[in-house]
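Participant: build me a structure from this.
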Amino acid sequence: MALGACQTAPETQSEFLQSYEGLAAPGQSLRASVLQRRDDQAAAGIERVFIAPSVLMAGVGEAVEDADRARVLREVDRQICYEVSERFTVIPDPAPEAATIRAVVVRINPTGQAGSLASATASYFIPGPIGVRVPGATGGLAAEAELLGPDAAQIAAIVWARNATVLGTDSPSLSRVGDALQLAEPFGDAVGDAFSPTGRTPRPIATPDPCQRFGPRFSLSGTIAGFATGLYVPELDGGKDADDESEDRQ
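Facilitator: This next block holds a predicted model:
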C-alpha cells in the first residue's frame with residue numbers, strides 16, 4: 001500500500017504554458033510525476049529573472065478556503081524563489097532584458113485532518129525520521145512552470161505532480177492544505193533544476209536576500225513544533241501572508 005502511495009499519476013495539460021512540445025521525463029521517479037524540457041543554450045544566456053506571482057487554474061482547490069488557496073500560491077512563489085535565486089539573479093520587478101518565470105497550480109488535494117491527528121499520535125509512539133500516514137488522509141499538489149526569455153519565447157518548462165506518501169517524511173497537518181504546502185518545496189527544487197543550464201552550479205545567497213519578502217529560509221519554531229507535536233504547522237513555517245508582504249514594501 002505504501003509503495004502504491006508513492007506513485008503519482010501524470011497530470012493533464014492545463015494549457016497555461018506557452019508550449020508543451022518536447023516535454024519528457026528527466027529520469028526515474030517513484031514519488032513525483034515530472035515532465036520537462038530546456039533549451040540549454042538559451043538558458044545559459046539568462047542571468048536576471050523576474051518571478052511572476054503564481055496563479056490558480058480555474059476550479060482548483062474548491063474544497064478548501066480562499067485563504068488556504070492563497071497560502072498555497074504564496075508558498076509556491078516562495079519555494080521557487082529560494083531555489084531559482086541559487087542559480088539566477090532574482091529581481092523584484094519585470095525588466096526588458098530579464099527573463100520571466102510563470103507558474104500555475106493545477107491541483108490541490110486536501111489533507112485529512114482527522115487522519116493527520118491519528119498519524120501524529122501514532123508517530124509519538126513510533127519515533128523516528130519515517131512517519132506513517134493514514135491511507136486516504138494524504139493530500140497532493142500539481143503545478144506547472146515555464147521560463148520565458150526577454151523576447152517572451154519559452155526557454156524551459158516543467159509539469160510536476162506529487163501526492164504525500166503514506167510511509168515517508170511528509171508530516172501530517174491539521175491544515176487542509178498542509179500537504180500541498182509541504183510539497184511546494186520539492187516543486188521549487190524541481191523548477192530550479194529544470195531551468196538551470198548545464199554546468200551552472202549553485203551560488204551563495206545574495207545580500208540582501210531577494211526572497212526575504214516571502215519570509216526566512218529556515219524556521220526554527222516550525223522545526224521545534226514539528227518535533228514536539230508530530231504535525232506540520234503552516235503558521236510557524238516562516239512564510240508570510242500577502243498582507244505581510246505589502247507592509248514590508250511600504
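
Participant: sec struct for Glu15, please.
Facilitator: Three-state call for Glu15 (DSSP: H, G, I helix; E, B strand; the rest coil): coil.

Participant: please disregard the earlier target; I meant Leu35.
Facilitator: strand.

Participant: check what pLDDT it gets.
Facilitator: Per-residue pLDDT puts Leu35 at 96.

Participant: can you tell me the closest non-neighbouring residue to it?
Facilitator: Leu23 (4.0 Å; CB to CB, 6 or more residues apart in numbering). Glycine gets a C-beta too; all of them are placed from N, C-alpha and C.

Participant: same question, Glu47
Facilitator: Closest to Glu47 by CB to CB, 6+ apart is Thr89, at 5.7 Å.

Participant: just to revisit the earlier point, ok, now which ones touch the residue nearest to Leu35?
Facilitator: 35-37, 157, 159 (CB atoms under 8 Å, 6 or more residues apart in numbering).

Participant: farthest-separated two in the residues you listed?
Facilitator: Comparing all pairs in these by CB to CB, the longest separation belongs to Arg37 and Val159, at 9.7 Å.

Participant: these two: which has the busier surroundings?
Facilitator: The neighbour comparison of Arg37 against Val159 (other CB atoms under 10 Å) goes to Val159, with 26 against 19.

Participant: any idea which helix or strand carries that one?
Facilitator: Using DSSP states H and E, Val159 falls within strand 154-163.

Participant: helix, strand, or coil at the residue nearest in space to the middle of the chain?
Facilitator: Nearest residue to the geometric centre of the chain (CA atoms, centre = their mean): Ala184, 2.0 Å. State at Ala184, reduced to three classes by three-state DSSP: helix.

Participant: how about it, what does it touch?
Facilitator: Neighbouring residues of Ala184 by CB under 8 Å, 6+ apart: 72, 75-76, 78-79, 141.

Participant: and what of Arg107?
Facilitator: The neighbours of Arg107, taking CB under 8 Å, 6+ apart as the test, are 11, 60, 140-143, 161.

Participant: in a markdown table: the residues you listed, plus secondary structure and neighbour count.
Facilitator: Output for the contacts of Arg107, formatted as a markdown table (DSSP: H, G, I helix; E, B strand; the rest coil; neighbours: other CB atoms under 10 Å):
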| residue | secondary structure | neighbour count |
| --- | --- | --- |
| Glu11 | coil | 16 |
| Val60 | coil | 19 |
| Gly140 | strand | 19 |
| Leu141 | strand | 28 |
| Ala142 | strand | 28 |
| Ala143 | strand | 33 |
| Ala161 | strand | 22 |
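
Participant: what's the lowest-pLDDT member of these?
Facilitator: Note: of the contacts of Arg107, the lowest pLDDT belongs to Glu11, at 64.

Participant: now for Gln182, how many residues are close by?
Facilitator: Gln182 - counted by other CB under 10 Å - has 24 other residues nearby.

Participant: what residues are up against it?
Facilitator: By CB under 8 Å, 6+ apart, the neighbours of Gln182 are 164, 170-171, 173, 232.

Participant: phi first, then psi, for Thr26.
Facilitator: You called it Thr, but residue 26 is Pro. Pro26 has phi and psi values of phi -80, psi -20 when expressed as degrees, to the nearest 10.

Participant: how about the strands in the protein?
Facilitator: 32-38, 48-51, 55-56, 89-91, 99-109, 131-132, 140-148, 154-163, 167-168 (DSSP state E).

Participant: winner for burial among those?
Facilitator: Mean neighbour count (mean count of other CB atoms under 10 Å) peaks for strand 140-148 among these, with a mean of 26.
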